[in-house]
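Visitor: sharing a model that was predicted from the sequence below.
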Amino acid sequence: EPEVTQTPSHQVTQMGQEVILRCVPISNHLYFYWYRQILGQKVEFLVSFYNNEISEKSEIFDDQFSVERPDGSNFTLKIRSTKLEDSAMYFCASSEGPTEQYFGPGTRLTVT
Amino acid sequence: GQNIDQPTEMTATEGAIVQINCTYQTSGFNGLFWYQQHAGEAPTFLSYNVLDGLEEKGRFSSFLSRSKGYSYLLLKELQMKDSASYLCAVPGDDYKLSFGAGTTVTVRA
């Protein structure tokens, strides 16, 4: 069964450093998303991506964040200068359309 | 905006039935999803309701009333592996999901 994959599973970085989180969505899906979940809190939407451009972004997704689809399979989230409060689980998801979204296993980001 | 409410915790006995309620207030309506999330793992899709009524899928059923802004997830014949957080989510116009805080279900032997 096709699945969304994410790398790395765990990333530890120092405050102020740049991180790139990688995702491979399900191959025939057209819509891609990033969500995050701070420990003990709810899953929060960050950004959605369709047709090679951002379709919507949340207030959390400020200038420190960017997304890219560098080739036909990868979808990346970059945080330019990490802050302590960026520590969270980051989930990539994809969908064919207005249907269920399939989530990857997540990347646990720890900023020290 | 979206406002989604669900209970924080529920406890039930193995083999029993549990009903998790969700109320929502949305600017538009594009259906309602239920996801299961085990601790430290990703949400996994359980059900999607867009029309009023009950959708049954094995041990899990989901109900929707659009006029009341209300849904529930029914878990039957509870098993220990059903101990997890259950997330109610509504999609916006561009399909982004707004999640409730989740209901942690603990199944006891």
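Guide: Cool, got the structure.
Visitor: looks to me like B:Lys81 is in a helix.
Guide: Yes - note on B:Lys81: a helix contains this position according to DSSP: H, G, I helix; E, B strand; the rest coil.
Visitor: quick check: beta-bridge partners of B:Glu56?
Guide: For B:Glu56, the beta-bridge assignment (DSSP bridges) gives partners B:Ser61.
Visitor: so B:Tyr86, which of the three states?
Guide: B:Tyr86 - assigned by three-state DSSP - is strand.
Visitor: does it touch B:Tyr35 like I think?
Guide: Yes - with contacts counted by Cβ atoms under 8 Å, B:Tyr86 reaches B:Tyr35, the gap being 7.3 Å. In short, each C-beta sits where N, CA and C put it, glycine included.
Visitor: now the common contact residues for those two.
Guide: Counting by Cβ atoms under 8 Å, 6 or more residues apart in numbering or on different chains, the contacts common to B:Tyr86 and B:Tyr35 are B:Leu46.
Visitor: what does chain A put close to chain B?
Guide: Taking Cβ under 8 Å from any Cβ of the partner chain as the contact definition, chain A meets chain B at A:31, A:33, A:35, A:41-45, A:48, A:50, A:55-56, A:58, A:91, A:95, A:97-106.
Visitor: from the chain's centroid, how far away is the helix or strand harbouring A:Ile54?
Guide: Under the criterion of DSSP states H and E, A:Ile54 resides in strand A:53-57. Centroid separation between strand A:53-57 and its chain, computed with Cα atoms, centre = their mean, to the nearest Å, is 13 Å.
Visitor: can you pull the buried residues of that strand?
Guide: A:Ser55, A:Glu56, A:Lys57 (16 or more other Cβ atoms under 10 Å in any protein chain shown).
Visitor: adjacent strands (with direction) for it?
Guide: Strands that pair with strand A:53-57, judged by DSSP bridges, come out as strand A:44-50 (antiparallel).
Visitor: could you give me the average pLDDT of the strand it pairs with?
Guide: Average pLDDT, strand A:44-50: 95.
Visitor: distance from that strand to the middle of the chain?
Guide: The chain centre lies 8 Å from the centre of strand A:44-50; the measure is Cα atoms, centre = their mean.
Visitor: same thing with stretch B:29-44?
Guide: The gap between the average C-alpha position of stretch B:29-44 and the chain average comes to 7 Å, counting by Cα atoms, centre = their mean.
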